[in-house]
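> got a predicted structure plus its sequence, pasted below:
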Amino acid sequence: ALVIGVPISLGIAIYLTQLCPGWARRPVAMTIELLAAVPSIIYGMWGLFIFAPLFARFVQIPVSNVVEGMPIVGTLFYAQVPSGVGVLTAGIILAIMIVPFVASITRDMLDQIPTVLRESAYGIGCTTWEVVRHVLIPQASVSIIGAIMLGLGRALGETMAVTFVIGNANRLSASIFDPGSTIASRIA
């Protein structure tokens, strides 16, 4: 979930602070933060009834057909029963759930950086991406790590969304497409 969610969250935060036009900044930020208010049971039901069948049809079956019989890649990406539920599906649902938290905290931290630093970097000829890479990210790096840890805490504590889409199998599989279980789904 963190591998998928953190780059998306950082991209959203950078877009909202640096690239987004002024008239669209507030509606986009409110839409992203509104995702944090959706209960986890809704994410789980959406994942089970809508996302999992689409994931099985358009991702698991084609990928399984391509990698079947390959030595290492086939082990990681072959679905024995392409039903859509599995470890990767749960990771994607959790990534969707942590994006609002990490993005909003990161956006707030990037907004707190003094404009003098940004203007100084632009004044010496930096592009927008150089300002982001060499000024904003280093200044907010500790806060970004804190936001990522909060997202990790949310992902580890989720019970219902994971229980719906992970498959609840009492075995460990080498494939990320196969069902599995977590401590949270076992508790549920």
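Yep, it's here.
> drop to CA atoms for contacts and neighbour counts, all remaining ones
Will do.
> which parts of stretch 130-145 are buried?
Judged by neighbour count using 16 or more other Cα atoms under 10 Å, the buried positions of stretch 130-145 are 131-132, 135-137, 139-140, 143-144.
> would you map the helices across the protein?
Taking DSSP state H as the criterion, the chain carries its helices at 2-14, 22-34, 40-46, 52-55, 61-67, 73-77, 87-112, 115-123, 128-131, 137-157, 160-165, 183-187.
> which one of the ones you listed has the lowest average pLDDT?
Looking over these, mean pLDDT reaches its minimum on helix 183-187, with a mean of 82.
> tell me which strands and helices that helix is in contact with?
helix 160-165 (3 or more Cα pairs under 8 Å, 6 or more residues apart in numbering; DSSP states H and E).
> next one: the helix it packs on to chain centre, how far?
Going by Cα atoms, centre = their mean, to the nearest Å, the spacing between the C-alpha centre of helix 160-165 and its chain's C-alpha centre is 16 Å.
> start at 749 instead
Done: numbering now begins at 749, and the last item shifts to helix 908-913.
> ok, residues contacting that helix?
Residues outside helix 908-913 that contact it (Cα atoms under 8 Å, 6 or more residues apart in numbering): 788-793, 795-796, 800, 833-835, 837-838, 841-842, 929, 932-934, 936.
> is it possible to mark the buried ones in the residues you listed?
By 16+ other Cα under 10 Å, the contacts of helix 908-913 give 788-789, 791-793, 795-796, 800, 833-835, 837-838, 841-842, 929, 933 as buried.
> follow-up on the earlier one: go through the buried residues of stretch 878-893 and name the one nearest Phe925.
Ile892 (30.2 Å; Cα to Cα).
> quick check: the closest one touching Thr854?
Yes. Applying Cα atoms under 8 Å, one finds Ile892 in contact with Thr854, separated by 5.6 Å.
> tell me how far the residue nearest to Leu884 when sequence neighbours are not counted lies from Ile841.
Among residues not flanking Leu884 along the chain, Leu858 sits closest, at 6.5 Å (Cα to Cα, 6 or more residues apart in numbering). Counting by Cα to Cα, to the nearest Å, the separation of Leu858 from Ile841 is 26 Å.
> next one: Glu781
Taken as Cα to Cα, the span from Glu781 to Ile841 is 16 Å.
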